[in-house]
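**Q** model this:
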Amino acid sequence: MKRLLAESGIRPSRVRGQNFLVNASLMAFVAESAALGPHDVVLEPGAGVGNLTALLASRGGCVVAVEIDAALHAIASQRLSSLANVRLIHSDILQRGERIAPEVARAVEEALARLPGSRLKVVANLPYIVSTAFITAALLDGPAPERMIVMVQKEVADRITAAPGGKEYGYLSVIVQALSRTRVLRRVPPGAFWPPPKVESEIVEILPDSKLRSAAGDIERLRSVASALFRHRRKQLGRTLIMAEFAHDRDDATELLSKIGAAAKDRAETLSVQQVARLAAMLPGSAETR
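**A** Have a look, this model is predicted:
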């Protein structure tokens with residue numbers, strides 16, 4: 001990896017959070033955890049120079065790989081040129097509003113249409129700066145993946161799997177847990193990457209669940225309400241509902257909260273995922289959609 005980048009005159013970008021996985025056994029573990037088969041379509045954001053991409057392509061039906069860095073995209077294009085089941089896109093994985101970029105979404109839809117009975121899976125080594133936005137978009141925007149295997153900083157993994165009441169519990173916890181089952185598969189030391197980051201990472205499995213999704217109700221409303229609640233996580237819920245225009249006054253807020261077993265003096269971090277979903281279901285809409 002070092003030699004390949006050096007020969008191309010490329011240095012890893014801190015701004016883009018470029019820490020390349022260079023541990024071959026961990027790369028194999030990630031691919032194995034995705035449980036790929038010939039009818040699987042894989043979305044891989046952040047393809048880098050294509051090492052993991054090639055491994056995924058050898059196991060899955062089709063890989064839609066995305067790389068925003070022009071220099072890395074050029075290297076990956078050359079290295080993956082012989083793989084007919086890889087489509088490499090030079091693009092940001094996201095557009096504004098936590099949505100999958102249109103070109104990427106079209107490529108995924110086309111790949112799914114070409115493989116009858118295909119399933120979408122997401123495999124990613126995600127930089128911290130896009131973790132929350134991408135995971136949210138992957139779950140909410142377009143066809144839901146059957147499985148997501150994401151390598152993220154430990155702080156993000158803690159937020160994905162957090163229980164109510166702790167400082168890690170927040171918007172990401174609610175959205176992911178409202179729609180899927182999660183577990184940490186493995187901790188990854190800094191030395192598995194080049195250059196080594198200053199923090200540990202973890203490989204997290206996210207399994208979207210259709211029953212959970214159905215119970216969550218209106219997903220866009222849940223998203224809007226959870227965002228508003230945790231934007232003011234340290235404020236009392238009664239005040240938060242008024243500020244977000246979900247309640248007219250404190251009495252209105254108190255009545256709403258009593259229906260989900262909460263009090264006006266409570267804070268967002270004390271609400272369970274189910275309580276947030278029930279609150280969202282009672283509201284006519286968010287401040288953003290009114």
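**Q** Now do the residue lying closest to C62 once chain neighbours are set aside against I219, distance only.
**A** Counting by Cβ to Cβ, 6 or more residues apart in numbering, C62 lies nearest to A111, which is 4.4 Å off, once chain neighbours are set aside. (C-beta placed from N, C-alpha, C; glycine too.) Distance, A111 to I219, by Cβ to Cβ, to the nearest Å: 24 Å.
**Q** element containing V122?
**A** strand 119-125 (DSSP states H and E).
**Q** contacts for that strand?
**A** 21, 30-31, 34-36, 39-46, 48, 52, 56, 60, 108, 112, 134, 138, 143-151 (Cβ atoms under 8 Å, 6 or more residues apart in numbering).
**Q** Tell me which residue is most central in this protein.
**A** I135 (1.1 Å; Cα atoms, centre = their mean).
**Q** From what I see, that residue and S173 are in contact.
**A** No: if you go by Cβ atoms under 8 Å, I135 and S173 don't touch, sitting 11.1 Å apart.
**Q** Tell me how far M27 lies from S214.
**A** 36 Å.
**Q** Of the two, which one has the most company?
**A** M27 (19 against 9; other Cβ atoms under 10 Å).
**Q** So I10 versus V49, what's the distance?
**A** In terms of Cβ to Cβ, I10 sits 9 Å off from V49.
**Q** hang on, the earlier thing: specify the next element, helix or strand, located C-terminal of the strand holding V122.
**A** Per DSSP H and E, the helix or strand that comes after strand 119-125 is helix 128-140.
**Q** Bridged to the nearest residue to K235 once chain neighbours are set aside, which residues?
**A** Nearest residue to K235, sequence neighbours excluded (Cβ to Cβ, 6+ apart): R267, at 7.0 Å. Taking DSSP bridges as the rule, R267 bridges to Q236.
**Q** circling back to that earlier point, spell out which residues are contacts of both of I135 and S173.
**A** With Cβ under 8 Å, 6+ apart as the test, I135 and S173 both reach I160.
**Q** hang on, the residue nearest to C62 in a helix?
**A** Yes: according to DSSP: H, G, I helix; E, B strand; the rest coil, A111 belongs to a helix.
**Q** how about it, what does it touch?
**A** 41, 61-62, 64, 87, 118.
**Q** Repeat that for L257.
**A** Counting by Cβ under 8 Å, 6+ apart, L257 has contacts 237-238, 241, 263-264, 266, 279.
**Q** which non-adjacent residue is nearest R187?
**A** E202 (5.3 Å).
**Q** distance of that neighbour from K121?
**A** Taking Cβ to Cβ, one finds E202 at 19 Å from K121.
**Q** Same question for P196.
**A** P196 is 28 Å from K121, by Cβ to Cβ.
**Q** Now do the strands in the chain.
**A** 20-21, 40-45, 62-67, 86-90, 94-95, 99-100, 119-125, 147-153, 180-188, 193-194, 201-208 (DSSP state E).
**Q** Point out the one among the ones you listed that comes closest to E245.
**A** strand 99-100 (24.1 Å; Cβ to Cβ).
**Q** Parallel or antiparallel, which strands does that closest one pair with?
**A** Strand 99-100 has these strand partners (DSSP bridges): strand 94-95 (antiparallel).
**Q** Give me the mean pLDDT for the strand it pairs with.
**A** Across strand 94-95, pLDDT averages out at 93.
**Q** can you list contacts of that strand?
**A** Counting by Cβ under 8 Å, 6+ apart, residues outside strand 94-95 touching it are 100-102, 130, 133-134, 137.
**Q** Let's have those residues in TSV, adding neighbour count, distance to V188 and pLDDT.
**A** Listed next are these as TSV, based on neighbours: other Cβ atoms under 10 Å; distance: Cβ to Cβ, whole Å; pLDDT from 0 to 100:
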residue	neighbour count	distance to V188	pLDDT
I100	22	25	95
A101	19	27	96
P102	10	32	95
V130	21	18	92
A133	17	21	94
F134	25	18	96
A137	22	23	95
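**Q** give me the number of residues near Q78?
**A** 11.
**Q** Equivalent analysis for L94, please.
**A** So L94, with other Cβ under 10 Å, has 21 neighbours.
**Q** Just the pLDDT for the closest residue to A107 other than its chain neighbours.
**A** Of all residues not flanking A107 in the chain, V64 sits nearest, at 4.8 Å (Cβ to Cβ, 6+ apart). Per-residue pLDDT puts V64 at 98.
**Q** now the one 10 residues further on
**A** For A74, the pLDDT comes out at 94.
**Q** any idea how far it is from R16?
**A** A74 is 16 Å from R16, by Cβ to Cβ.
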